[in-house]
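Engineer: just coords:
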C-alpha cells in the first residue's frame, strides 16, 4: 500500500500485480483509468449521507468504463501473439475496442446489428476498425462473432466469454478503494446490462479483502431499466435468469439476454446488496439532476445508477451517515438525442438590453436570492 | 520544481503560485487539467521527427480545453464575491461554463445566437445554465453579454475581455513542459479562433522562462481554417487584423472577428512560429487520420491543428529530429455530424460465417500481412 501511494503511474497499470498479464504496455500514455472520484458534499447533505461520490469513468479515452477491459485485453492478446481482436457490440465496448486498438496498432473487427445508431458507428469507423453490419439482432451478431473468433483463431473481446474483461473492469473497484484511502463505502450503485461491470467491481473488492487491505465489501446495488431487468427480476424472485425483450432509452444496458448474469447475481447476493429497477422517465430526470448538481454529463445507462440511488434514498433503504458511490460508466455526449428529450430551448430575444432584462434579469436575480 | 514533482494534486491547481487567485478551491475533485500528453512514436517515425505528442485536452470534464479557463475564472469570481457568470458563446466555452458552475454551485448565464446547433445547446441546458438565445449573430450576443455584465455587475467569462481566462489556459503550457521533464518541444501546433488559447500557451511558456525553468520558447504555430483565417492573414501580410465572414466546418474556430487577435499575433511572432491555413477537406481527413493512428477522437477544430502539422511536415518546414506537440482542444463526440462526412457504413451481411468470410475474412487477413 505504501508502494502504491508513491506510484506515479496514474492509470490502471498501477495495479499490474493484480492483473492477469505479465507486463505493463511500454507506452500507455493514452491513460486508461485513474479517473476522478468526484466528491459531492451537497448531495450527501441533501440525502443525509456521510459522503457521496461519483466515480467519473466518462473520462476514459473513448468516454466509457469499457476502456478498462479493453486496455487489459489488448495487452493479454499481445501476450498470446494475437493482433486481431473481435467484438460484437453496438456501443461503448465497440467504440472502446476501436479507439484502443488504434492506439496500440492492432486491428479491431466489430460485428454490429445494421440497425445500430449512426453516432456509435461513427466512433467505430473514425478509429479505423473494420465494421461488419449484420442483418439481424445483437444476439445474432454475438453468436456470429464467436464463430468468427473460433474459425480464425482471433481474440475475443466479448463480454461473458473472456474473463480478462472482468479483470480489467475490477480496476474501478481498486481505484475507488484507494481514492477513499482504503475506507470501503457502504453502497455502490452500478448500472447493469450484461452484468460484467458489477461482476468486475465484486472481483476487485474481493481481491482487496483477500489481500487484507480492506476488511469488508461494500454492498453492491444492481440498477436496471424497467424494460430490461432480467437480472434484477431473477434476484428478486430467487430464480434463474430468463431472457426478456429489452426496451429502454438507456441503450448501453438495453440487454435482454445478459451474458454475465451469474456474476452479477453473485456480486449482489454475496455483498448484501440488492437489485432495483428504474423507469426511462426516472433515468432522464436523474441525468439532468446529476448534470445540474455535479457538472457531470453522463449517458442514460449511467444516469440509471443515479436514478436507482435516488429511489433507494427516498424509500429509506439507506441509513443516515452512509457513504455512497455511484459509477458513471459513460459520457452523455454519446447520446445527444436522448439527452434532449426533457429539455426545451427558450424563445429567442432581440439583441438589446431591455429585451434581455424583460425576459431574464428578474428570473436570474430571483433564482439566486 | 522538486516540490512540484512530489505534488499529488493532479489538476491544474498544482500551479497555484502561478495563477492570479489566492486559494485552491477546497473541493476540486472534478479535476480540470493534468490531461495526458500522449506519446506517438509511430507518427514521429512517419514524419522523421524526434518525438510527436498530442496534448489530449478532450479529457477535461466538459470535453474541452476551455475548462482550464473556466476553472480559474470561477475561483476568481468567488474571490470577488460574484456568483453569476456570463458568457457569449455557442460552443465549448458555454458548455464548460455550464458544467463547472454546476459543480461549484454558481449560476451561468449563456447568450448564444438562436441558430446555434442543438447538440451544443443540449449540453448547456443539461447543466442547468440559463440559456438566452439571441435573434442575431455571435457578435450580437457578444456585445449584449458585455452590456448585461456591466448593467448588473455580473462576472464576464468572455474571451478577449477577461485576462484571467488567458491565465487559466496557460496551464496547458505548464503541463506540456512538466510532462516533457522541462525539455521544451521545438513546435507546438494550436488551433486558433479568437486567439485566446495560443495567447495562453505563450503566456505559460513565458512564465516558465522568467522562472528560469526553461531556457527557450517553443515555436508556436497558429492553425486556422481557410474560411476563417483573419489572424493568419494578418500575420502573413504584416498588417492589422481585418474581420472576415467565417465559414468552416470547424465551428469552434469559425471566428470572423477574433477577440484575442493581438495576443495570438504576439505569440506567433515572438516565438519564431508562423501561421498556416487548412481546408475543411484537410481538417476532416486529419480527424480520421488522428483517430485511426492514435485512438484520440477530436473535434474538427482540434483536427485542424493536426492538419496544419501534416501540411508543414510535408512541405519540409520542420527539421528532422524535431519534437512536436499538437494540442487536441476538444472532443469529437461534440460534433458527430461533422465526423460522419467522410465515412460510409458498409453493406450489411447475413448472420452466418460463410457470408462473413466472403465479405471480410480475406480483407482482414490481407490488411494485417
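Structural biologist: Happy to help now that I have it. From a predicted model like this one, the values you see are computed outputs, not experimental measurements.
Engineer: ok, the spatially most central residue of chain A - contacts?
Structural biologist: Geometric centre of chain A, nearest residue: residue A:329, 2.4 Å, by CA atoms, centre = their mean. Neighbouring residues of residue A:329 by CB atoms under 8 Å, 6 or more residues apart in numbering or on different chains: A:57-58, A:64-65, A:92, A:190-191, A:197, A:252, A:298-299, A:301-302, A:305. Where you see a C-beta, it was placed from the backbone N, CA and C, and this is true even at glycine.
Engineer: if we go to 10 Å?
Structural biologist: Contacts of residue A:329 were listed using CB atoms under 10 Å, 6 or more residues apart in numbering or on different chains, and they are A:55-58, A:60, A:63-66, A:92, A:169, A:172, A:190-191, A:193, A:197, A:252-253, A:298-299, A:301-305.
Engineer: okay, and which of those residues map to strands?
Structural biologist: Within the contacts of residue A:329, membership in strands is found for A:55-56, A:190-191, as judged by DSSP state E.
Engineer: all strands of chain A, in order?
Structural biologist: Per DSSP E, chain A carries strands over the ranges A:37-39, A:51-56, A:84-88, A:107-113, A:130-134, A:155-156, A:187-191, A:219-225, A:275-278, A:323-328.
Engineer: ok, the last one: who's next to it in the sheet?
Structural biologist: Using DSSP bridges, the strands paired with strand A:323-328 are strand A:51-56 (parallel), strand A:187-191 (parallel).
Engineer: quick check: which of those is buried the most?
Structural biologist: Among the strands paired with strand A:323-328, the stretch with the highest mean neighbour count (mean count of other CB atoms under 10 Å in any protein chain shown) is strand A:187-191, at a mean of 29.
Engineer: adding mean pLDDT, write the strands paired with strand A:323-328 out as TSV.
Structural biologist: Output for these, formatted as TSV (pLDDT from 0 to 100):
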stretch	mean pLDDT
strand A:51-56	98
strand A:187-191	98
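Engineer: which stretch among those comes nearest residue B:47?
Structural biologist: Closest approach to residue B:47 among these is made by strand A:51-56 (34.9 Å; CB to CB).
Engineer: tell me how far the closest one is from the chain's mean position?
Structural biologist: In terms of CA atoms, centre = their mean, to the nearest Å, the centre of strand A:51-56 is found 13 Å from the chain centre.
Engineer: same question, stretch A:21-39
Structural biologist: Distance of stretch A:21-39 from its chain centroid, counting by CA atoms, centre = their mean, is 16 Å.
Engineer: turn the strands paired with strand A:323-328 into a markdown table, including distance to residue A:37.
Structural biologist: Formatted as a markdown table, the strands paired with strand A:323-328 follow (distance: least, CB to CB, whole Å):
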| stretch | distance to residue A:37 |
| --- | --- |
| strand A:51-56 | 5 |
| strand A:187-191 | 11 |
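Engineer: nearest approach to residue B:87 belongs to which of those?
Structural biologist: Residue B:87 lies closest to strand A:51-56 among those, at 23.5 Å (CB to CB).
Engineer: could you save the strands of chain A as JSON lines and add columns showing distance to residue A:121?
Structural biologist: Shown next, in JSON lines, are the strands of chain A (distance: least, CB to CB, whole Å):
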{"stretch": "strand A:37-39", "distance to residue A:121": "31"}
{"stretch": "strand A:51-56", "distance to residue A:121": "26"}
{"stretch": "strand A:84-88", "distance to residue A:121": "14"}
{"stretch": "strand A:107-113", "distance to residue A:121": "7"}
{"stretch": "strand A:130-134", "distance to residue A:121": "6"}
{"stretch": "strand A:155-156", "distance to residue A:121": "21"}
{"stretch": "strand A:187-191", "distance to residue A:121": "22"}
{"stretch": "strand A:219-225", "distance to residue A:121": "23"}
{"stretch": "strand A:275-278", "distance to residue A:121": "28"}
{"stretch": "strand A:323-328", "distance to residue A:121": "24"}
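Engineer: how near is the residue nearest to the centre of chain A to chain B?
Structural biologist: Distance, residue A:329 to chain B, using CB to the nearest CB, to the nearest Å: 15 Å.
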